[in-house]
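Participant: Let's see this in three dimensions:
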Amino acid sequence: MLDASEGNLSPIVPVLRFRRRVLQLAREKYGEDEGERFDPTLAAEHLTSEGGLKIDAETLRRWMREEGLWRLGTQPRVSAQLKPSPLFRVAACAAP
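Facilitator: Predicted coordinates:
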């Protein structure tokens, strides 16, 4: 009697191939050097729009960390700095 799965690939093989392809594209297209790397969220968006590879940003983040392409806390955070409003300055100056 033959095994029903004989000659078929393991169900994990397509996932591993997909992972390998995603990480290869992330390395090639979205930066190898630390200063020019895309963060995983932006890379996932680009992979979906340009490469047609739909992947969740958190999954990509985990895979990139495992491959050494992304480290927590080493990438600079770019955020808008809030400036005090002119009304705040007037109220601060008028305080007794």
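Participant: which parts of the top helix by length along the chain are buried?
Facilitator: As assigned by DSSP state H, the longest helix anywhere in the chain is helix 12-29. Across helix 12-29, burial judged by 16 or more other Cβ atoms under 10 Å covers 19, 22, 23, 25, 26. C-beta: built from backbone N, CA, C; applies to glycine.
Participant: Nearest residue to the first one in space, please, no chain neighbours.
Facilitator: If I follow you right, that is residue 19. Excluding the flanking residues, the one nearest residue 19 by Cβ to Cβ, 6 or more residues apart in numbering is residue 63, at 6.1 Å.
Participant: returning to that earlier point: pick the one among the buried residues of helix 12-29 closest to residue 43.
Facilitator: residue 26 (5.3 Å; Cβ to Cβ).
Participant: so that closest one touches residue 65, yeah?
Facilitator: No: contact between residue 26 and residue 65 fails when scored by Cβ atoms under 8 Å: they sit 11.9 Å apart.
Participant: pLDDT below threshold where in this structure?
Facilitator: Residues of the chain that meet the criterion pLDDT under 70 lie in 1-9, 31-37, 73-96.
Participant: let's go with 50 and repeat that
Facilitator: Within the chain, the stretches with pLDDT under 50 are 1-3, 76, 78.
Participant: Would you mind measuring from residue 62 to residue 18?
Facilitator: Residue 62 sits 14 Å away from residue 18, going by Cβ to Cβ, to the nearest Å.
Participant: Could you report the neighbour count for residue 43?
Facilitator: 24 (other Cβ atoms under 10 Å).
Participant: Helix or strand: which one has it?
Facilitator: In this assignment (DSSP states H and E), residue 43 forms part of helix 40-51.
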